[in-house]
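Novice: this one's structure only:
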């Protein structure tokens, strides 16, 4: 029986003790290790399977961590983590107090740059390369590994544009598998496809035109080729670019055949790849599906409705609109800034634009929201999926800042529906025509209402709702936090002197309702799944100060620190916005 190699690899120095002929066996073992653990623990599968050979080759040829290796996004870094001292703790990946699902500087010296959002690797590695040169370290290598979906982003082009006029010791590796989470889109993708098919326009190579030493495309699963080419490039000075072709999900047939589903497939059988079925009969729908199906329903009645998503047709459920109205649903690639200003341009021409962006990714287009949409008061409808705590993806993906970073923007309405019906109705209301842009935020995962497809009803903008009346304590919640509050009140029993008010609109705030609440209730608790600092609770505090109210106020929400990975329930407990914590606050205020 062949000796297991992976069990002896605790760092890249151990890797270098192997002969090149042993590396294919190591690649096989590394794939099996990833498949075995992710099949039970869940996580991002396909991306890491696709770069197994590349990961081994990089750590074999380069002197990491002295040579600096930056992974774009980091979905594909599982093999990297396993080979750099985290093999024995890899089963804790994406769990509370375990290792992060993404490269993270505080976790390992081999994780040179923290990532999670796309298209940052070239700029970061270039910054490292320029710094090395300034320090007189001319032999240090700086490598950015970026995918074909990520390199189409504006920021990646900005990095390439700058790097091309430097003599920085930078190697950009294009991991070209024609897919991000969903299939890549755009003219650059078509160009790269032509290159892969041998239609390489030698006189018009985009990368060469930017002063890079371009090589490739080469087979990213051919270890001898990878090793020889990386060895050669190590000796070439200045900006270099290696085009590598890989297959996402490589080594697991079903993952190769359905690359979208196997990006993060949940639990599956390690040997066959067959995904364990989930019984989803009679379950409430995911909020993203409520959005997706409602958008189609609205679009059927209004031909001016347009859907835009930056590379998230599956994750946002914009795919339903793309299937029903392909001309009116646009995937613009990983380009949040472009998505927002494209929506603004369409809105100037009378189109009703639903721009669906994950809360955490809208951060990347903040200037466009202010300058191109709100300043011009264009009625773009932002649908912010994954608002609040998202769970295992951790600090890079929690959508907890949107209330705080949006509520300071003039003209912008901010809405946080409490359930699927309210989400549906605010989408309907917005589609009927508003005089301002609106951001509608809703969480990842399922709601609690099975029978959600009710006839549309208009919602009055800026009005709060009294869900329960009581004379002593008033709890003010926004968004789906209403559910936790309702459960807490129910557990305490109806005899409690507790009022519950739902604020679907964070901006404009219902000041008439707030005046009634502050006059009738001596103690106020605010609850939100966003940051307290600058959030809904902060707005309520400001209202109280401006109106000279002296009521006792307790704000529950996300504290002023970055929240790591864990289940949503675990993270809600840490942030004290779970049912038990709300009960405790009611009992002790």
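Specialist: Received, thanks. None of the values given here were measured: they were computed from a predicted structure.

Novice: show me where the stretch 351-500 of the chain has strands.
Specialist: Ranges of strands within the stretch 351-500 of the chain are 352-358, 381-385, 413-415, 438-441, 465-468, 473-477, 498-502, based on DSSP state E, counting those that start in this stretch.

Novice: for these, which one ends up most surrounded?
Specialist: Highest mean neighbour count among the strands of the stretch 351-500 of the chain (mean count of other Cβ atoms under 10 Å): strand 381-385, with a mean of 29. Any C-beta I mention is one placed from the backbone N, CA and C, and that applies to glycine too.

Novice: helix, strand, or coil at residue 80?
Specialist: helix (DSSP: H, G, I helix; E, B strand; the rest coil).

Novice: what of residue 29?
Specialist: Classified using three-state DSSP, residue 29 is helix.

Novice: my guess is it meets residue 5, correct?
Specialist: Yes - proximity of residue 29 to residue 5 meets the contact threshold set by Cβ atoms under 8 Å, at 5.9 Å.

Novice: please identify every residue contacting each of these two.
Specialist: Common contacts of residue 29 and residue 5 (Cβ atoms under 8 Å, 6 or more residues apart in numbering): none found.

Novice: hmm, back to that, make JSON lines out of the strands of the stretch 351-500 of the chain and add mean pLDDT and distance to residue 564.
Specialist: Conversion of the strands of the stretch 351-500 of the chain to JSON lines gives the following (pLDDT from 0 to 100; distance: least, Cβ to Cβ, whole Å):
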{"stretch": "strand 352-358", "mean pLDDT": "98", "distance to residue 564": "18"}
{"stretch": "strand 381-385", "mean pLDDT": "98", "distance to residue 564": "21"}
{"stretch": "strand 413-415", "mean pLDDT": "98", "distance to residue 564": "27"}
{"stretch": "strand 438-441", "mean pLDDT": "98", "distance to residue 564": "22"}
{"stretch": "strand 465-468", "mean pLDDT": "96", "distance to residue 564": "33"}
{"stretch": "strand 473-477", "mean pLDDT": "97", "distance to residue 564": "25"}
{"stretch": "strand 498-502", "mean pLDDT": "96", "distance to residue 564": "29"}
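
Novice: would JSON lines of these with distance to residue 426 be doable?
Specialist: Formatted as JSON lines, the strands of the stretch 351-500 of the chain follow (distance: least, Cβ to Cβ, whole Å):
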{"stretch": "strand 352-358", "distance to residue 426": "12"}
{"stretch": "strand 381-385", "distance to residue 426": "9"}
{"stretch": "strand 413-415", "distance to residue 426": "5"}
{"stretch": "strand 438-441", "distance to residue 426": "6"}
{"stretch": "strand 465-468", "distance to residue 426": "13"}
{"stretch": "strand 473-477", "distance to residue 426": "16"}
{"stretch": "strand 498-502", "distance to residue 426": "13"}
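
Novice: low-confidence bits of the protein, can you list those?
Specialist: Scanning the chain for pLDDT under 70 picks out 1-2, 200, 202-204, 494-495.

Novice: would you tell me which of the strands of the stretch 351-500 of the chain gets closest to residue 238?
Specialist: Proximity to residue 238 (Cβ to Cβ) singles out strand 352-358 among those, at 36.7 Å.

Novice: nearest to residue 523, of the strands of the stretch 351-500 of the chain?
Specialist: Comparison of these against residue 523 by Cβ to Cβ identifies strand 473-477 as nearest, at 4.7 Å.

Novice: just the residues contacting that closest one, thanks.
Specialist: Contacts for strand 473-477 (Cβ under 8 Å, 6+ apart): 418, 464, 484-485, 489, 496-503, 517, 520-528, 536, 540, 582, 586, 589.

Novice: please pick the buried ones from those.
Specialist: With neighbours counted by 16 or more other Cβ atoms under 10 Å, these contain buried members at 418, 464, 484-485, 489, 496, 498-503, 517, 521, 523-528, 536, 540, 582, 586.

Novice: contacts only, for the residue most central in space within the chain.
Specialist: With distances taken as Cα atoms, centre = their mean, residue 397 lies nearest the centre of the chain, 4.6 Å away. Applying Cβ under 8 Å, 6+ apart, we find residue 397 in contact with 116, 358, 360, 386, 390.

Novice: between the strands of the stretch 351-500 of the chain, which one is nearest to residue 547?
Specialist: Checking the strands of the stretch 351-500 of the chain against residue 547 by Cβ to Cβ gives strand 473-477 as the closest, at 14.9 Å.

Novice: let's see which of the contacts of strand 473-477 end up in helices.
Specialist: Of those, the ones assigned to helices by DSSP state H are 484, 485, 489, 517, 520, 536, 540, 582, 586.

Novice: in CSV, list those along with distance to residue 84.
Specialist: CSV is the format used below for the ones in helices among the contacts of strand 473-477 (distance: Cβ to Cβ, whole Å):
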residue, distance to residue 84
484, 39
485, 44
489, 49
517, 54
520, 59
536, 41
540, 46
582, 41
586, 47
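
Novice: closest one of those to residue 412?
Specialist: residue 536 (14.7 Å).

Novice: in terms of helices and strands, where is residue 241?
Specialist: strand 240-245 (DSSP states H and E).

Novice: and that strand, how far out from the chain's middle?
Specialist: 26 Å (Cα atoms, centre = their mean, to the nearest Å).

Novice: check what contacts the helix or strand just after it and list those residues.
Specialist: Using DSSP H and E, the next helix or strand after strand 240-245 towards the C-terminus is helix 253-257. For helix 253-257, contacts defined as Cβ under 8 Å, 6+ apart pick out 45-46, 49, 247-250, 262, 265, 272-275.
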